[in-house]
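Participant: show me the folded form of this:
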Amino acid sequence: MDRTGQATVHSVAVRAGVSAATVSRALNGRADVHEETRRRVLRAAESLGYRRPKGSGRRRERVGERVIGLLTGDSVAGRDPRTARAPDLSDGRDRAVTAGRNGAAVAGRGGDGATGGATTGCDVGTAGRFSLPVLRGAEAAFGGTHVVAMLCWAPSDRVRERHHAETLVRRGVDGLLILGPRREARFPIPLHGVGSVPVVYAVAPSTGVQDLSLITDDRAGGALAARHLLQRGCRRIAHVPGPPAEASAAERSAGFVAELARSGLAPLAPAGRQGRWSQSWGRRAAGLLLDRHPDLDGVFCASDQIAAGVLDGLRERGRSVPAEVAVVGYENWELFAEETRPGLTTIDMNLGLLGRLAAERLIIGGDEPIAGGLLRVPPRLVVRGSA
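Facilitator: Okay, the predicted model is just below:
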């Protein structure tokens, strides 16, 4: 209800258990609403005495058929979203969710200014090294469809994140794609009193068993790195891990170790050190490994950033890559993978495919609940000069 006690689209959405956007489409007689959902909305509207404002029903048709909210806390690459300005969409020109090498832009097809203001209160503009490829994949899924995407940056603050998510729902999104800055499990975002919309989590899985989460299969990625080094003929293979408490680092290590074990090998490891996501750790680890295992011929690093440090450390000790030591990284982070010399062979997390699959779940799911579960997306090997 609003301040005058009149029923609103949002109160109808809460009563019917759907999104405000679904209420709007149902009341407008749109064909993309399931008949049972339409009946539920109409019953809720009647029970609340809802009356549609004069002239309603035209805005969404001009904006597009569906609206997807993209919420990310990733601000690693490009400009800091706190200083980025939201693009002005009020001119009504066609747009898609666009992503370039230096950042991601927002938004949708068509418009009457609604999408331009849809992220008011949210910091919009760039996405980081995980979010950007996911957004590129989502764009591929949105292509050829009438989808308006709203991108909202929310830092790793649960209160602010929930506020932004609820803001997107109130503004009528049909679904939410929640992108995590890392692959560590996260609590689901509670949406209370703003209706119900399908939610898909990407990169960072939700701990809610009812939620659908899509992540890279890091265990398979570690195994893929081991197979590549073995196929190159490496037998004295070292592993430079990431932080052991982080799930992504642990999974990558587990897959790598298991694959080596199938060939009767165990990885060489730096002594007495716990991994970090840093070049300095990679550089120190390379020195420690060469001190203990001067005959090593292959190294798998838990990230490209670590691998860049390992390459520096090997170079400082006069080792030739890949002639004497082959090096494989992880993540295919352009900043490191393409700028090192030689270029870094690495495991690509396949985030583009992950983003496309996540967006497709939201588009295809329509108004129906999305089945929960954990979907692991297989990574892929990218061969460059280091291995």
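
Participant: buried set for the helix or strand hosting residue 152?
Facilitator: Residue 152 is located in strand 147-153, with elements delineated by DSSP states H and E. Within strand 147-153, the residues scored as buried using 16 or more other C-beta atoms under 10 Å are 147, 148, 149, 150, 151, 152, 153. For glycine as for every other residue, the C-beta is placed from the backbone atoms N, C-alpha and C.

Participant: show me what that strand is packed against.
Facilitator: strand 66-72, helix 131-142, helix 158-170 (3 or more C-beta pairs under 8 Å, 6 or more residues apart in numbering; DSSP states H and E).

Participant: next, the angle from the longest one to strand 66-72.
Facilitator: Between helix 158-170 and strand 66-72, the angle comes out at 170 degrees (axes from the mean of the first three to the mean of the last three C-alpha atoms, to 10 degrees).

Participant: ok, the helix or strand just after helix 158-170: who's next to it in the sheet?
Facilitator: Toward the C-terminus, helix 158-170 is succeeded by strand 175-179 as the next helix or strand (DSSP H and E). Using DSSP bridges, the strands paired with strand 175-179 in its sheet are strand 66-72 (parallel), strand 199-202 (parallel).

Participant: now tell me what touches strand 175-179 from outside.
Facilitator: 19, 66, 68-74, 127, 130-131, 134-135, 138, 165, 168-169, 189, 197-204, 206, 358-359, 362, 365 (C-beta atoms under 8 Å, 6 or more residues apart in numbering).

Participant: and that strand with helix 131-142, angle?
Facilitator: 150 degrees.

Participant: sorry, back to before: residue 13: which of the strands paired with strand 175-179 is closest?
Facilitator: strand 66-72 (13.6 Å; C-beta to C-beta).

Participant: let me see the mean pLDDT of the closest one.
Facilitator: Averaged across strand 66-72, the pLDDT comes to 83.

Participant: one more: stretch 40-49?
Facilitator: Computed over stretch 40-49, the average pLDDT equals 83.

Participant: can you point out the buried residues in it?
Facilitator: 40, 41, 42, 44, 45, 48.

Participant: are we agreed that the third one is in a helix?
Facilitator: The reference is to residue 42. Yes: counting by DSSP: H, G, I helix; E, B strand; the rest coil, residue 42 is found in a helix.

Participant: which residue is the nearest non-sequential neighbour of it?
Facilitator: In space, and not counting its chain neighbours, residue 42 is closest to residue 26: 7.0 Å by C-beta to C-beta, 6 or more residues apart in numbering.

Participant: let me know the secondary structure of that neighbour.
Facilitator: helix.

Participant: count of neighbours near it?
Facilitator: Using other C-beta atoms under 10 Å, residue 26 has 26 neighbouring residues.

Participant: quick check: it vs residue 274, distance?
Facilitator: 55 Å (C-beta to C-beta, to the nearest Å).

Participant: which SSE is residue 252 in?
Facilitator: Per DSSP H and E: helix 247-262 holds residue 252.

Participant: repeat that for residue 319.
Facilitator: Applying DSSP H and E, one finds residue 319 in no helix or strand.

Participant: how many other residues sit next to the residue nearest to residue 226 when sequence neighbours are not counted?
Facilitator: Excluding the flanking residues, the one nearest residue 226 by C-beta to C-beta, 6+ apart is residue 259, at 3.6 Å. Counted by other C-beta under 10 Å, the residues lying close to residue 259 total 23.

Participant: same thing with the one 3 residues further on?
Facilitator: Applying other C-beta under 10 Å, we find 11 residues neighbouring residue 262.

Participant: could you check the pLDDT of it?
Facilitator: 97.

Participant: over to residue 314?
Facilitator: 97.

Participant: for it, what are its contacts?
Facilitator: So residue 314 contacts 286, 290, 299, 321, 325, 327 (C-beta under 8 Å, 6+ apart).

Participant: need the three-state assignment for it.
Facilitator: Quick answer, by three-state DSSP: residue 314 is helix.

Participant: how far away is it from residue 384?
Facilitator: For residue 314, the distance to residue 384 - C-beta to C-beta - is 16 Å.

Participant: and what of residue 338?
Facilitator: In terms of C-beta to C-beta, residue 338 sits 8 Å off from residue 384.

Participant: ok, those two, which is more surrounded?
Facilitator: Taking other C-beta under 10 Å, residue 338 and residue 384 do not tie; residue 384 has more neighbours (17 against 14).

Participant: secondary structure element for the nearest residue to the more buried one once chain neighbours are set aside?
Facilitator: If the residues on either side of it in the chain are set aside, residue 384 comes closest to residue 343, at 3.4 Å by C-beta to C-beta, 6+ apart. Residue 343 is part of no helix or strand when elements are defined by DSSP H and E.
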